[in-house]
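Chemist: Model the structure of this input:
(3 chains)
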Amino acid sequence: MNYQQATWTRETDTGEPVNEPLLSEKRTQTVTYDDVDLPDELVRDELTLPEPAEPEVARHYTRLSQMNYSVEHGPYPLGSCTMKYNPKFIEDVAALEDGAIHPDRPDEYAQGTLGILHGLQEYLAEIGGMETATLQPPAGAAGEFTGLLVARAYHQSNDEDDQRREVIVPASAHGTNFASAAMAGYDVVELPSDEDGRVPVDALEEAVGDSTAALMLTNPNTLGLFERDIADIADIVHDAGGLLYYDGANLNALLGRARPGDMGFDIMHYNVHKTFASPHGGGGPGAGPIGVVDELTEFLPDPHVRETEDGSFELYEPAESIGKVHGFYGNWLVLLKTYAYISRLGDGGLKDTSAMAVLNANYLASQIDLDITYGPFHHEFVASAGDVDAAEFAKGMLDEGVHPPTTKWPEIVDEALMTEPTEALSKEQLDVLAAAFTATNRKTSDELADAPTTTAAARIDQTSAARNPRLSWQDVGENDE
Amino acid sequence: MTHETPDDLLYTDSHEWIDDREDTLRIGITDFAQDELGDVVFVELPSEGDSLESGAACAVVESIKAVSDIYTPVSGTVTATNEAILDQPELLNTDPYGDGWLFEIDGQVPDDALDADDYCEQIE
Amino acid sequence: MQRIQHDGTDHPHELDESSPFAPQTPQEVDAMLSAISADSVEELFDVPEAVAFHGDFDIEAKSEYEVVTEIEELLGQNADRTEFLGRGHYDHYVPSVVDYLSLRSEFLTSYTQYQPETSQGFLQALFEFQSMIVELTGLDVANCSMYDAATALGEAALLAARVRETSGSRVLVPETIRSERHSVLENYADGAELTVETYPLAEGNTDVGALSELIDEDVVMVYAESPTARGAIEERLSAVATLADDHEAAFCLGSDPVALALLKEPAAVGADIVIGDASVLGLSASHGMGLGLFAVKDGYLRQVPGRLVGTSETAEGRRAYTLTLQTREQHIRKERATSNICTNQAWVALRTAIHIATLGASGLAALAEDCVATASEAAARLDAVEGVTAPVDDRHHFREFVARTERPASEVASELADRGFLVHEVGEFEVQICVTETNSDDVDGLVAAVQEVLE
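Modeler: Predicted structure coming up:
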C-alpha cells in the first residue's frame, strides 16, 4: 500500500516548522467588560481567546481532520474496540429537529422520544436475553459501574452487602472492570487464566464464597475464545450467592448465536458504540446500557421507561432504584443512532453481522504469518509479534496505510497484537490488512525504529510528554527546555 | 544484556538494593529493574518520618506504560528522601545506584537480603 | 449461511438475511471459507449447544428510507412546544459550521488516539479544547471530558477525598442542587464511603453563616454553583472558598463555559476544581446529553480522572500532541486508577471547541452578556404581570430565574403548556423560566400566556 497522510506544515516566527498552528497562534482577541449590568467584583477583568473568522475556522479544522486516521480511511482493527463502519443515515436521524428536546419536558410532550427509548430498551433486552435494559449509563465503564451498583443494591436487599465485598475479575479482563469494581466500593479478586486462555473452573470454585458479590466476565473473552464452561461457571457463582456480570465489549461475536441471559448472566452492559455502530468520535460519546434479569429490574436507575395501558409511554422510578448514574437520561443522540441501526438490520442483519465478523477474523488470521496460540477464536484473535516489540510493530504498520491492532494486551500473549477486523471489511480490504502485517513483519528493527514516516507526525517522544507535562497552549513555550 | 550489580550493596528478590555502609540504610532500585521499567517519568516517595513495615508498598515508580510499587525491604522510620528525583525521574535510569536513590530508612538489614552474586544469579 | 448479493441488479436488496454494512459477496465468503478449510460460517462458532440461541429477536429489517420515516414519525409525536427550560441543560444556537466540520468522518469515525502519530488532528483539537477551558476557568489543567456535569461532580468528590492528607467523609452541596445531580454524586461518593449533605441558601445565594456551622475537618469538598440551578449568580464564592480552605477541604465550583466567559474566573475566587456542562456550546437541546467539564489546579494533576492531551516532540524535533500521564488511567492502573472512565465525550468536546472558536472571544462574551440581559428583561416583564413576582431571589441572574405565581405552579405550568409554552415547576407557587437566543423571540407570547393564565 502506498500511503501518505496529509500534513500541513508551516514555519513559525522563530523559523521552526510546525504542523497546523494552534488556534492561539493565529488571531486572538482580548475582551473587557464595560457595559455589563453586573457589579465589577462578579465580572472577570478580561477574556483572551482565539478569534478566527469562520473561513479560518473551517480551514483549521479541515486540515486537522486530514491529519487523523479513521474508519473511512481503511482497516482499523483495534481488538475489543469493534471499529466497524458507521452508517451515514444514523447521523441524519440524530439531526432530526423533533428529537432536539429538553430533558425536563413532561412525559406527555415527549412521547416520541420516550417511545424510541422504550423501543430500544426492548430491542436490547431481546438481543441480550434480559428482562429489560436501562439506557442511562453514558459509556461501557459507566455501565459496569451501574451494574455493580445494581448488584450491591440486590445484596443489600438480602442483608448481605456487609459480607459480599468482593468482585472477581479474570486477569485478562478490560481494565475498566477492575476500576469500576473499585469505584463501586468493592475489593477486586483477580483470577488468572488457565493454560488454554479461559477462566479456570477449579480456581473459580476456590475463589467464590460468602464474600463474593459478583464475577465479571467477557464472553468471548479478550482472546476471542468462548468460555465453554459458562454454564458451570454460572452455577458456581450463583450457588455461592453471587451474581454474574457480562461485559458486552465483545458482543459483536455472538449476535443471534448466544445470549448472555441464556448463558446465566444476571447483568450485562452493551457497548452500543461497538456492537451497534454509533461512531466512536475520537474517544466518545458512546453509551453503555445495562440489561438485567427479572429479579433485578426493581433496582434499575431512576427513571425507567414503560408503556402504559393506553399505549403511551411514561417515566417511573423502579421500586428499589439505585438512583441516578447520569444527570439526565444518558447520551440520547447515541441511543437514537443505536435504535436506527438495529431497526435497519433486523434479525437477519444482526445475525449476519456476527457471522461476517467471525469469518473475517478467521480469514485474516489465516493470511498472517505470526503465531496465534489461542483458539478457536471468534470476532478477534491475538497474534504475537514474536521477538519484536508489539508497540514497534504497530508503528511499522502505520506506514502500510492501516491502523495497527491493540498492542501488548492481553498480557497472557507475549508482544500481543489483538486484532478485530469487524464485519465491515471486504475480502479485498482484509487482504490489504494481511499484506500490511506481512510487510511489517519483514521490516528490520532499524526500519521499525524509524517508523512511522508516512504520518503527519514522526515518532513522538512519550517520555518527555510525561516528564514535563504541557497540557494547554498556555504551557507551550513556557517550559520548553 | 548485562546489568550493573555493585558488590558492596545488598539486594532483594523484588529488585531493590540496600546500602548498609552508613548508619541509616539507603534504598533504591537495581539497574535490572530500571531497565525493565523503561524510561521513568514519575516517582512518588514516602514522607520523612513515615514508619514502614518491611514488605509494604511505600513508593511508586512510573514509566509511560507501567506503574510499579516499590516495597521497602526494611522496617523502620524514613529518615530522608531523594527530592531530586521528583523533578528528574530520569536519574533512576541514568544512575540507579547513585543519584537515583529513593529513600533512607532507620532499620536493620533483613536476613534474607541477597549479595551481588546471588542477585545476579536470580536475574540471569 | 446463504448470503445475498448486495450489488447485483438481479438481486433486489433482500433485507432479511444480510447486513448492508458487511461487504462480502457470496463468492468472497466461499473463497474465505475455503482458505480456512471450513464448510460453513456456522461451524466457526464455538458455542456449546446448551447455551446456544436458535431463536429470533423478532426485529424486522427495514430499508433506510423506512427507518428514517419511522423515526421521523415517532419523533413527530414530541409535542410542538416552545421550551423555556434550563436547569442545567441549555439550548444555545449552534452554528452550521460546527456540524459540517465535526461530522467529517476523519473526526467522527476515529478512535481514541492511542497511536498519536496518525491522530494528530483530533489530539490538537482536544488540546485546544483543554486550553480554552484553562482560559475560561483560570485553573491550570483541564481534561478532555467527562460524561456530563453530574458525573464530573462525582469524580470531583472522589478526587477531593484522594488528595486530602487526612481522611474525611463528608461532601457539602447547596440545597438548590438538582436532585438528579445530587443522586449521581451520592452514587459516586458511596463507594468511597463519603456522605453527601446539603447546606442552605439565603436569598438565592449561599448562607455562609449556616455553611460555617456545618463545615468541619471531616469535610473533603464543598461544592457551590454559579449560576445556581435557580439561575442566580453566586456572590459569595470567595467566602465559601475561604471556609473550605480553612478546613483543608477542596472547593469545587459548578458552572458552564458561557457563564465562565463573563463571571469572575473560578481561580480568582479560590476554586480548586471546576466542573460543569460544556455542551451548552456545541450541542443544542439533546435530551440531557452533555459534556462534563473538569478543570483543577496544578497540585491535583496526578489525581485527574480521564484523558489528558499534552505536547511533545517528534523525532525530528517538531511539536506534536499525544495522550499523556496515562498511568492514571484504568487500562494501566486498573483498580487503583483515578477513575474507570474510558470512552468519554471527545467528539462533543470537539464540537464545543469549534463553537467557541467560531464565536471567538467577542462573540462568546456577547453571548454571555445577553444571558444576563435577557433574563433580567424577561423577569421584569413577568414581574409586571398581575399575580407574578419575578425574580423571586433578589440576585443577578444568568439565562434563567424563578417566578412566584399566585396560582399553584402545577396549574400555571400545565395551562402554559396548553398554550404552547413549557416552563419548570420548581415549588408549590414557583415556576422557573430560561431564556436564550433560541426562544427570546417567544417571550412576548409567553408573557401574554402568563397574563391569561393568571387572570
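
Chemist: give the contact list for the residue of the stretch 251-400 of chain A found nearest chain B.
Modeler: Nearest to chain B, among the residues of the stretch 251-400 of chain A, is residue A:391, at 8.1 Å (Cβ to the nearest Cβ). In short, each C-beta sits where N, CA and C put it, glycine included. Counting by Cβ atoms under 8 Å, 6 or more residues apart in numbering or on different chains, residue A:391 touches A:407, A:408.

Chemist: Going toward the C-terminus from the helix or strand encompassing it, what's the next helix or strand?
Modeler: For residue A:391, the host element (DSSP states H and E) is helix A:390-398. Following helix A:390-398 in sequence order, the next helix or strand is strand A:406-407 (DSSP H and E).

Chemist: Export the following helix or strand past that next one to PDB, keeping only CA atoms.
Modeler: For strand A:406-407, the succeeding helix or strand toward the C-terminus, using DSSP H and E, is strand A:416-419. Once non-C-alpha atoms are left out, strand A:416-419 reads as follows in PDB (Å, rounded to 0.1, in the frame of the first residue of the first chain):
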ATOM      1  CA  ALA A 416       0.300  -9.200  21.800                       C
ATOM      2  CA  LEU A 417      -1.400  -7.800  18.700                       C
ATOM      3  CA  MET A 418      -5.100  -8.000  19.400                       C
ATOM      4  CA  THR A 419      -6.800  -7.900  16.100                       C
END
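
Chemist: Counting by contacts, list what strand A:416-419 packs against.
Modeler: Using 3 or more Cβ pairs under 8 Å, 6 or more residues apart in numbering or on different chains; DSSP states H and E as the contact test, the elements touching strand A:416-419 are helix A:332-366, strand A:381-384, helix A:390-398, strand A:406-407.

Chemist: Recalculate using a threshold of 6 Å.
Modeler: With contacts taken as 3 or more Cβ pairs under 6 Å, 6 or more residues apart in numbering or on different chains; DSSP states H and E, strand A:416-419 sits against strand A:381-384.

Chemist: how distant is the strand it packs on from the center of its chain?
Modeler: Chain-centre distance of strand A:381-384: 20 Å, with Cα atoms, centre = their mean, to the nearest Å.

Chemist: Could you report the separation of the residue of the stretch 251-400 of chain A closest to chain B from residue C:114?
Modeler: 10 Å (Cβ to Cβ, to the nearest Å).

Chemist: Can you tell me the closest non-neighbouring residue to residue A:61?
Modeler: Spatial nearest neighbour of residue A:61, excluding adjacent residues (Cβ to Cβ, 6 or more residues apart in numbering or on different chains): residue C:101 at 4.2 Å.

Chemist: wait, isn't the one you found in contact with residue A:60?
Modeler: No: with contact defined as Cβ atoms under 6 Å, residue C:101 does not count as touching residue A:60 (8.8 Å).

Chemist: so where's the chain uncertain?
Modeler: Just so you know, I chose chain A. Flagging of chain A using pLDDT under 70 yields the residue ranges A:1, A:477-481.

Chemist: actually it's chain C I care about, not the one you picked
Modeler: C:1-16.

Chemist: which residues in it form helices?
Modeler: C:26-35, C:64-75, C:96-102, C:105-108, C:120-137, C:149-163, C:179-191, C:208-214, C:237-246, C:257-260, C:330-333, C:346-383, C:409-418, C:443-454 (DSSP state H).

Chemist: Which elements pack onto the first one?
Modeler: Helix C:26-35 is packed against helix A:332-366, with contacts defined by 3+ Cβ pairs under 6 Å, 6+ apart.

Chemist: Could I get the buried residue list for the helix it packs on?
Modeler: For helix A:332-366, burial by neighbour count (16 or more other Cβ atoms under 10 Å in any protein chain shown) applies to A:332-365.

Chemist: can you check stretch C:198-217 too?
Modeler: Across stretch C:198-217, burial judged by 16+ other Cβ under 10 Å covers C:199, C:201, C:204, C:205, C:206, C:207, C:208, C:211, C:212, C:214, C:215.

Chemist: what's the closest non-adjacent residue to the fifth one?
Modeler: It refers to residue C:206. The shortest distance from residue C:206 to any non-neighbouring residue, by Cβ to Cβ, 6+ apart, is to residue C:236 (4.7 Å).

Chemist: tally of neighbours for that neighbour?
Modeler: 19 (other Cβ atoms under 10 Å in any protein chain shown).

Chemist: Spit out the contact partners of it.
Modeler: C:205, C:206, C:208 (Cβ atoms under 6 Å, 6 or more residues apart in numbering or on different chains).

Chemist: Test my guess that residue A:153 contacts residue A:322.
Modeler: Yes: between residue A:153 and residue A:322 there is a contact under Cβ under 6 Å: 5.1 Å.

Chemist: joint contacts of the two?
Modeler: Residues touching both residue A:153 and residue A:322 by Cβ under 6 Å, 6+ apart: residue A:299.

Chemist: These two - which one has more neighbours?
Modeler: residue A:322 (24 against 19).

Chemist: can you pull the contacts of residue B:100?
Modeler: With contact set as Cβ under 6 Å, 6+ apart, residue B:100 has these partners: B:91, B:92.

Chemist: what pLDDT does it get?
Modeler: For residue B:100, the model assigns a pLDDT of 96.

Chemist: Check for me that it belongs to a strand.
Modeler: No: counting by DSSP: H, G, I helix; E, B strand; the rest coil, residue B:100 is located in no strand; its state is coil.

Chemist: before we move on, back to that, determine which two of the buried residues of stretch C:198-217 are furthest apart.
Modeler: C:204 and C:215 (20.5 Å; Cβ to Cβ).

Chemist: need the contact list for residue C:159.
Modeler: For residue C:159, the contact set (Cβ under 6 Å, 6+ apart) comprises residue C:303.

Chemist: separation between it and residue A:195?
Modeler: For residue C:159, the distance to residue A:195 (Cβ to Cβ) stands at 41 Å.

Chemist: Residue A:161 now?
Modeler: For residue A:161 relative to residue A:195 (Cβ to Cβ), the value is 36 Å.

Chemist: For these two, indicate the residue with more neighbours.
Modeler: Higher neighbour count among residue A:161 and residue A:195: residue A:161, with 16 against 8, using other Cβ under 10 Å.

Chemist: Now the more buried one: closest residue in space that isn't a chain neighbour?
Modeler: Nearest non-adjacent residue to residue A:161, counting by Cβ to Cβ, 6+ apart: residue A:155, 4.6 Å away.

Chemist: Three-state assignment for the one you found, please.
Modeler: When the rule is three-state DSSP, residue A:155 gets the label helix.

Chemist: what about the residue in chain A that chain C sits nearest to, how many residues close to it?
Modeler: Residue of chain A nearest chain C, by Cβ to the nearest Cβ: residue A:328 (2.2 Å). Residue A:328 is flanked by 27 other residues according to other Cβ under 10 Å.

Chemist: got it, and the one 3 residues further on?
Modeler: Residues within reach of residue A:331, counting by other Cβ under 10 Å, total 35.

Chemist: Against residue C:40, how distant is it?
Modeler: To residue C:40, residue A:331 is 38 Å away according to Cβ to Cβ.

Chemist: Residue C:149 contacts residue C:276, doesn't it?
Modeler: Yes: using Cβ under 6 Å, residue C:149 is in contact with residue C:276, at 5.2 Å.

Chemist: can you give me phi and psi for residue 10?
Modeler: You didn't say which chain, so I picked chain A. Per-residue torsions, residue A:10: phi -150, psi 170 (degrees, to the nearest 10).

Chemist: The chain in question should be chain B.
Modeler: Note on residue B:10: its backbone torsions stand at phi -110, psi 160 [degrees, to the nearest 10].

Chemist: how about it, what does it touch?
Modeler: Contacts of residue B:10 (Cβ under 6 Å, 6+ apart): B:18, B:113.

Chemist: Cheers, nothing more for now.
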